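Trainee: From the sequence below, what's the structure:
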Amino acid sequence: MGLFTPLAVRLGAQPWLPRLLPQVVAVDIRLQRATRGRVSLLDLAGLPNLMLTVPGRHSGLPRSVPLLCVPDGGGWLVAGSNFGGPVVPAWVHNLRAAGTATIHVRGRETRVRAVELAGEERAEAWATMLATWPNYAHYEARTERLIPVVRLIPKTPG
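Mentor: Predicted coordinates for the structure are as follows:
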C-alpha cells in the first residue's frame, strides 16, 4: 500500500467513477507507454497492477488493458468487475476465447495461461481480492452479474 492508496480506495467507491473509465484507461495506457511499463496510475495509487494483452476474439489483433491485480502465489488474480457495470468487460471475453495472454508487470513481460475460477475456489480468491481492493464489494453490489475472477498462471517455456 502506498501514500495515495486511501485516496484511491475512496475514489474507487464513487458511483460516478465508471463514467470516467474510458478516460482513466486512456491516460493510464499513455503513462505506461511513456515509461515503458514501469509506471501506471495504479502504481501511483500504491496498488498492484498489470497490463494484460490478449488477442481480440474477432479481430485477432492484440488488445491491451491495465488491470488491478492481486499477486497469488506465483501468479495473479484479476476480476472482470467493470466497476460493477452490467456488462462483462471485453477483455474477459477475449481471454476466455484465447486461454492465454501476455502480461507486463513493472516492465517485465510474462506469458500466462488463464483459468476462470468457480465455486469455492472463486470464493476464496474473491476474499483475497477484497483484502487488497475493498471496492470490489461495492462493484458486486452494483451489478446483478457474477463478477468473473481469473487466475493468470505463468507459462513454462516448452
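
Trainee: buried residues in the helix or strand where residue 27 lies?
Mentor: Element membership of residue 27 [criterion: DSSP states H and E] is helix 21-34. Residues of helix 21-34 classed as buried by neighbour count (16 or more other Cβ atoms under 10 Å): 28, 29, 31, 32. Any C-beta I mention is one placed from the backbone N, CA and C, and that applies to glycine too.

Trainee: Most widely separated two among those residues?
Mentor: Spanning the widest gap among these are 29 and 31, at 7.3 Å by Cβ to Cβ.

Trainee: Buried residues of the strand ranked longest in the chain, list them for me.
Mentor: In the chain, taking DSSP state E as the definition, the longest strand is strand 108-116. For strand 108-116, a neighbour-count test (16+ other Cβ under 10 Å) marks 110, 112, 114 as buried.

Trainee: Which one of the buried residues of helix 21-34 is nearest to residue 81?
Mentor: Of the buried residues of helix 21-34, the one sitting nearest to residue 81 (Cβ to Cβ) turns out to be residue 28, at 15.7 Å.

Trainee: which residues does the closest one contact?
Mentor: When contacts are counted by Cβ atoms under 8 Å, 6 or more residues apart in numbering, residue 28 is found next to 40, 41, 42, 66.

Trainee: Using the three-state scheme, assign residue 46.
Mentor: coil (DSSP: H, G, I helix; E, B strand; the rest coil).

Trainee: what pLDDT does it get?
Mentor: On the pLDDT scale, residue 46 is placed at 83.

Trainee: Tally up the residues packed near it, please.
Mentor: Look at residue 46: counted by other Cβ atoms under 10 Å, it has 15 neighbours.

Trainee: Surely it touches residue 4?
Mentor: Yes: the criterion here is Cβ atoms under 8 Å, and residue 46 meets it with residue 4 at 5.8 Å.

Trainee: As PDB, could you dump the C-alpha coordinates of the helix or strand hosting residue 104?
Mentor: Element membership for residue 104 (DSSP H and E) is strand 100-105. Output in PDB follows, covering the C-alpha atoms of strand 100-105 (Å, rounded to 0.1, in the frame of the first residue of the first chain):
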ATOM      1  CA  THR A 100      -3.500 -17.400 -22.900                       C
ATOM      2  CA  ALA A 101      -2.200 -13.800 -22.800                       C
ATOM      3  CA  THR A 102       0.800 -11.700 -22.200                       C
ATOM      4  CA  ILE A 103       1.100  -9.500 -19.100                       C
ATOM      5  CA  HIS A 104       3.500  -6.700 -18.300                       C
ATOM      6  CA  VAL A 105       4.300  -6.200 -14.600                       C
END
